[in-house]
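Participant: Mind looking at a prediction? Sequence and model below.
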Amino acid sequence: MKWTKITLETTSEAVDFISGMLYDLGIEGIEIEDNVPLTEEEKKQMFVDILPIVNEGDNTAKVSFYVDPADDLVSLLMRVKEGLKEISEFVSVGSGNISISDTEDKDWINNWKEFFKPFRIDDSIVIKPTWETLTEKKPDDLVIEIDPGISFGTGSHETTKLCILALKKYLKQNDTVLDAGSGSGILSIIASKLGAGYVLGVDIDPIATKSALENAQVNNINASEWNVHENDMPNTPVAFATANLIEDQEIRTRIGKDKFDLVVANILADVIIPLSGIIKDNIKDGGLFICSGIINTKEDEVKAALEKNNYKIIEVNRMGDWVMVAGTVSK
Ligand SMILES: C[S@@+](CC[C@H](N)C(=O)[O-])C[C@H]1O[C@@H](n2cnc3c(N)ncnc32)[C@H](O)[C@@H]1O
């Protein structure tokens, strides 16, 4: 199958905002050609879902992404242009020229693999692509093996890292966990390995739920402690779909009194804001909502939504242009 490749010509300082805007439009697998050299630390943290192609140079950049030619390209490009206009109000977007070309499926589905190498989230959590060999391992390392396929969730994106660090800090042994927008299953798997009693992953994308199941198997997650469900109502907010799943008797029994100890959602600010209100009823008194996928321009909106819904915000953490907010529920 041929894909349509869209390339935006822009500036280095606009790249993160444009990536966030495309991400808000549901576009993943973005490719960046950035003419500002990265530091060694930045290279380590680079978002592998966004392939880094780094040149020395002049502050110009190109952001490319791929769409199915059957999609409504005209509407999408109009939304991209509106997004560029909004971004240009606070940062230079350069020429903003857009070019369109065709490409083969395998070009972008597989070539990112060469950039995805084992890496550390912190001093004890290591993410390893399933096809790589780990050369340096400490005795207490928790090694998670991941093949995200074309789903989101290599662990290298700042939002995933922020969620992993929060899970490590707050998850208690035997907690019941909902991973809303589970993608490759990376957060579900880590929650399970950190001692969760039961984890339910939910994703709108059937390719993601399949990949999450495969990754759970690779990581030897006990099927009785883990489950992933497809949100088969694509136009329904994840919270409503989740509430439906919670009607499932087996799941109700597993999570106990229909409520989770912890909900983690790395989706998008625009999904998290309504989700925070709806999901609160499915979080135990004193339980925790960890949310990320929030570009920094939306931090205040998300915090206001949590406060309005009576969460007590206990932590806000930031990495690059991305934010994680954690709030406890008190009824
Ligand atoms: C940013 S990815 C996060 C993946 C993984 N949890 C991580 O942290 O790397 C967001 C995921 O949410 C899913 N998603 C978006 N909207 C959703 C909805 N309404 N219901 C369920 N999943 C949704 C997407 O398909 C995607 O896999």
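Facilitator: Received the coordinates, thanks.

Participant: Quick one: mean pLDDT for the helix or strand containing T4?
Facilitator: Under the criterion DSSP states H and E, the helix or strand holding T4 is strand 2-11. On average, the pLDDT along strand 2-11 is 87.

Participant: where do the strands sit along the stretch 201-331 of the chain?
Facilitator: For the stretch 201-331 of the chain, the strands defined by DSSP state E, counting those that start in this stretch cover 226-230, 260-266, 283-295, 311-319, 322-329.

Participant: Name the residues that touch stretch 164-178?
Facilitator: Stretch 164-178 has contacts (C-beta atoms under 8 Å, 6 or more residues apart in numbering) with 121-122, 125, 155, 186-188, 190-191, 194-200, 202, 242, 254-256, 259-264, 279, 282, 288, 290, 292, 315, 317, 324, 326. For the C-beta atoms, the positions are set from N, CA and C on the backbone; glycine is no exception.

Participant: Next, F90: secondary structure please.
Facilitator: For F90, the assignment made with DSSP: H, G, I helix; E, B strand; the rest coil gives coil.

Participant: mind starting the numbering at 58 from now?
Facilitator: Got it, first residue is 58 now, which makes that one F147.

Participant: residue contacts, it?
Facilitator: With C-beta under 8 Å, 6+ apart, F147 has no contacts at all.

Participant: got the residues of this structure near the ligand?
Facilitator: By C-beta under 6 Å from any ligand atom, the residues of the chain that approach the ligand are 208-210, 217, 220, 238-240, 243-244, 259-262, 265, 288, 294-295, 298, 323-324, 328, 350.

Participant: Quick check: which ranges of the stretch 58-207 of the chain have low pLDDT?
Facilitator: 58, 93-115, 160-169, 171, 207 (pLDDT under 70).

Participant: Note down every partner strand of the strand holding T61 and its orientation.
Facilitator: Each strand paired with strand 59-68, and its direction, by DSSP bridges: strand 117-124 (antiparallel), strand 155-161 (antiparallel).

Participant: just the ones you listed: most buried one?
Facilitator: strand 117-124 (a mean of 20; mean count of other C-beta atoms under 10 Å).

Participant: ok now it, how far from the chain's centre?
Facilitator: 19 Å (C-alpha atoms, centre = their mean, to the nearest Å).

Participant: Can you give the contact residues for it?
Facilitator: Contacts for strand 117-124 (C-beta under 8 Å, 6+ apart): 60-69, 71-72, 75-76, 79, 84, 86-93, 130, 133, 151, 160, 165.

Participant: just stretch 126-133 next, same as before
Facilitator: For stretch 126-133, using C-beta under 8 Å, 6+ apart, the contacting residues are K59, W60, T61, L82, V124, I157, D159.

Participant: and the gap between V200 and D159?
Facilitator: Plainly put, V200 is 40 Å away from D159 if you go by C-beta to C-beta, to the nearest Å.

Participant: just K388 next, same as before
Facilitator: For K388, the distance to D159 - C-beta to C-beta - is 55 Å.

Participant: What of I247?
Facilitator: Distance check for I247 against D159: by C-beta to C-beta, it reads 38 Å.

Participant: Strands of the stretch 108-257 of the chain, residue ranges please.
Facilitator: Under DSSP E, counting those that start in this stretch, the stretch 108-257 of the chain gives strands at 108-111, 117-124, 155-161, 176-177, 182-186, 199-203, 233-237, 255-260.

Participant: sorry, back to before: make a markdown table out of the contacts of stretch 126-133 and add distance to E356.
Facilitator: Formatted as a markdown table, the contacts of stretch 126-133 follow (distance: C-beta to C-beta, whole Å):
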| residue | distance to E356 |
| --- | --- |
| K59 | 39 |
| W60 | 33 |
| T61 | 33 |
| L82 | 20 |
| V124 | 29 |
| I157 | 34 |
| D159 | 38 |
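
Participant: List just the nearest of these to K194.
Facilitator: Checking the contacts of stretch 126-133 against K194 with C-beta to C-beta, the nearest one is W60 at 37.5 Å.

Participant: Check whether that closest one really touches I157, as I assumed.
Facilitator: No. At 11.0 Å, W60 does not count as touching I157 under the criterion of C-beta atoms under 8 Å.

Participant: need the contact list for E372.
Facilitator: Here E372 is in contact with A223, K226, M381, V382, A383 (C-beta under 8 Å, 6+ apart).

Participant: Please apply the same query to W379.
Facilitator: Contact analysis of W379 by C-beta under 8 Å, 6+ apart lists H214, E215, T216, L219, S349, G350, I351, I352, N353.

Participant: Right, I'll leave it there.
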